[in-house]
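Peer 1: Pasted the sequence and its predicted model underneath.
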Amino acid sequence: MKKLFFIPLMALFVACESSPKDASEIDLEDFKHRISYALGADMGTNFTNVPEEIFSMLNKKELENGFYEYLTKKDLKSIECRGILEEALSSPSGIDTSKYDMKRISHCYGSIFGEMLRNSLTSKDAMGEINPDVARIGFASSLTKTDTLIPIEERQQMIMNFNNDLNNFAGEEFMRKMSKKHKHDVKEEGYILIENEEGGETPIDLSGEYNIVYTMTNISGDTIISTLKDPKLSDAENAQIVNVDDIVFPEAWKLAAKHMKVGAEYTIYTSNELAYGEEGLKAPNSPNYVIQPFAAVTIYSKVLSQGERFGEIKAKGKQVIEQAKKRPNTIVDPSGFILTTLEEGKGPQVKEGADVQAHYILSNSNGEVIENSYMASSQNNQPAPSFSLNGVVKGWQLGIPKMKEGGRYKLVLPYDLAYGEQGNQSIQPYETLTFEIEVIKSGAAGTLVKPRQQQEQPQFSEEQMRQLQEQLQNQQ
């Protein structure tokens with residue numbers, strides 16, 4: 001388990017409250033000064049992403065003034081400034097100063113980052129833990145690239161530790177307040193479960209899947225994850241189908257399920273230990289956090305109905321298949337795929353195991369487009385993709401040899417001829433797939449797709465093998 005870097009509490013209470021005028025007066029031995037400088041400098045580094053031709057036009061003093069003003073005045077909101085920046089920065093030729101001068105634009109630009117830092121600290125009740133004047137110096141130093149007081153790696157680690165500690169402290173305080181307020185609803189595992197609206201008598205089955213209305217918020221009440229499309233819509237319209245393996249369900253929800261009923265509405269308060277712990281939750285393929293490490297969360301949950309896991313997607317798949325069978329110019333293969341001829345090809349029929357060049361549009365059982373090779377080829381200025389029938393899903397291996405070059409077809413594959421019970425990164429388990437395919441050309445194996453070159457295995461002499469074995473023995 002990672003060791004937390006806890007903020008020295010005495011330092012927070014007795015930290016020097018002096019206001020340095022420049023970097024030379026900052027006391028880096030003082031924790032409050034050190035973290036304040038680091039936070040300000042970190043905010044200033046956002047401008048390293050601004051193109052130099054634009055950054056050079058900005059008034060650095062007004063960037064600093066805007067940052068400080070919106071950091072220190074909680075009644076200020078940057079809504080007006082965001083509108084000003086949108087107008088000023090919308091020109092492709094640079095900053096448009098026809099309506100607002102550079103001083104105003106720069107002040108607004110700085111205000112965005114001052115408000116961002118203030119909101120972050122306020123949400124954790126931590127504004128008192130920093131010295132705004134020192135943060136201002138850090139911000140200004142970063143803008144002028146004179147930020148040399150704290151090495152960047154040390155600064156980043158310090159800020160991460162600081163935020164983790166704040167999350168931890170704020171979460172603990174939040175749970176103390178909620179436990180005191182709802183003392184009869186605290187469960188032995190530590191989470192709090194409140195029934196807001198009664199439901200039926202059917203218990204939640206963790207082995208099934210749920211048609212659920214679900215919202216998760218942080219301790220400030222900001223929505224993190226939600227099924228809600230529009231608060232004006234009904235529960236049924238806002239619900240989604242998920243099962244307990246979905247990442248949206250932390251351990252607290254799974255523990256609470258033994259007390260919950262279908263149709264009832266609940267609120268769950270949980271500490272980070274039963275939520276996403278010290279790792280937090282990152283967005284897919286991104287370094288950004290959806291849920292911060294050590295964060296407590298609140299969950300609002302209402303299971304409208306439940307059933308067999310993947311039952312909904314199987315049912316939708318059967319509907320897609322039955323509808324496909326009714327189309328004209330359609331064959332139903334004994335293996336299970338359905339092939340509709342949209343436009344008869346004039347070329348030769350594709351042979352089994354052949355190489356094929358084709359465009360395709362892939363849709364799931366909800367009719368959502370998952371892949372579109374026309375669009376991908378256009379964006380990347382590439383020809384239609386080529387593939388070997390020996391390296392594709394079973395349904396393509398069986399269905400494409402029924403097609404002719406130059407033709408357009410619709411191929412519907414039940415899950416057992418597609419990606420099966422496991423699915424893949426973009427396709428759910430048990431998903432029925434629909435492909436609209438345009439066959440451009442085909443050829444014998446190896447004519448359109450080059451076989452992958454097998455990596456040559458390194459060859460060792462007897463002497464080299466003996467030396468390797470000796471090295472391994474010496475390491476033991």
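Peer 2: The structure has been received and is ready for your questions.
Peer 1: domains of this structure?
Peer 2: 9-150, 183-308, 312-443 (automatic domain parsing).
Peer 1: chain center to the shortest one: distance?
Peer 2: Its chain's average C-alpha position is 18 Å from that of domain 183-308, according to C-alpha atoms, centre = their mean, to the nearest Å.
Peer 1: end to end, how far does it reach?
Peer 2: Distance across domain 183-308, first residue to last, is 36 Å (C-alpha to C-alpha, to the nearest Å).
Peer 1: now that domain: mean pLDDT?
Peer 2: For domain 183-308, mean pLDDT is 94.
Peer 1: Also the first one?
Peer 2: Average pLDDT, domain 9-150: 86.
Peer 1: hmm, back to that, nearest to Glu172, of the domains of the chain?
Peer 2: Glu172 sits nearest to domain 183-308 of all those, at 7.1 Å, using C-beta to C-beta. In short, each C-beta sits where N, CA and C put it, glycine included.
Peer 1: Where do the helices of the stretch 301-450 of the chain begin and end?
Peer 2: Counting by DSSP state H, counting those that start in this stretch, the stretch 301-450 of the chain has these helices, from start to end: 311-325, 373-380, 394-399.
Peer 1: got a markdown table for those, with mean neighbour count and distance to Ser24 too?
Peer 2: Formatted as a markdown table, these follow (neighbours: other C-beta atoms under 10 Å; distance: least, C-beta to C-beta, whole Å):
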| stretch | mean neighbour count | distance to Ser24 |
| --- | --- | --- |
| helix 311-325 | 16 | 65 |
| helix 373-380 | 12 | 53 |
| helix 394-399 | 21 | 70 |
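Peer 1: Tabulate these in JSON lines, adding columns for mean pLDDT and distance to Ile150.
Peer 2: Shown next, in JSON lines, are the helices of the stretch 301-450 of the chain (pLDDT from 0 to 100; distance: least, C-beta to C-beta, whole Å):
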{"stretch": "helix 311-325", "mean pLDDT": "95", "distance to Ile150": "52"}
{"stretch": "helix 373-380", "mean pLDDT": "93", "distance to Ile150": "43"}
{"stretch": "helix 394-399", "mean pLDDT": "97", "distance to Ile150": "57"}
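Peer 1: Let's verify Arg104: helix, strand, or coil?
Peer 2: In three-state terms, and counting by DSSP: H, G, I helix; E, B strand; the rest coil, Arg104 is helix.
Peer 1: which ones are touching it?
Peer 2: The neighbours of Arg104, taking C-beta atoms under 8 Å, 6 or more residues apart in numbering as the test, are 62, 84.
Peer 1: go on, Asn372?
Peer 2: Asn372 touches 361-362, counting by C-beta under 8 Å, 6+ apart.
Peer 1: ok, now with 7 Å
Peer 2: Ile361 (C-beta atoms under 7 Å, 6 or more residues apart in numbering).
Peer 1: Give me the local confidence score for it.
Peer 2: pLDDT, Asn372: 96.
Peer 1: How about it: which residues does it bridge to?
Peer 2: With DSSP bridges as the criterion, Asn372 is bridged to Ile361.
Peer 1: And it, how close does it get to Thr340?
Peer 2: 19 Å (C-beta to C-beta, to the nearest Å).
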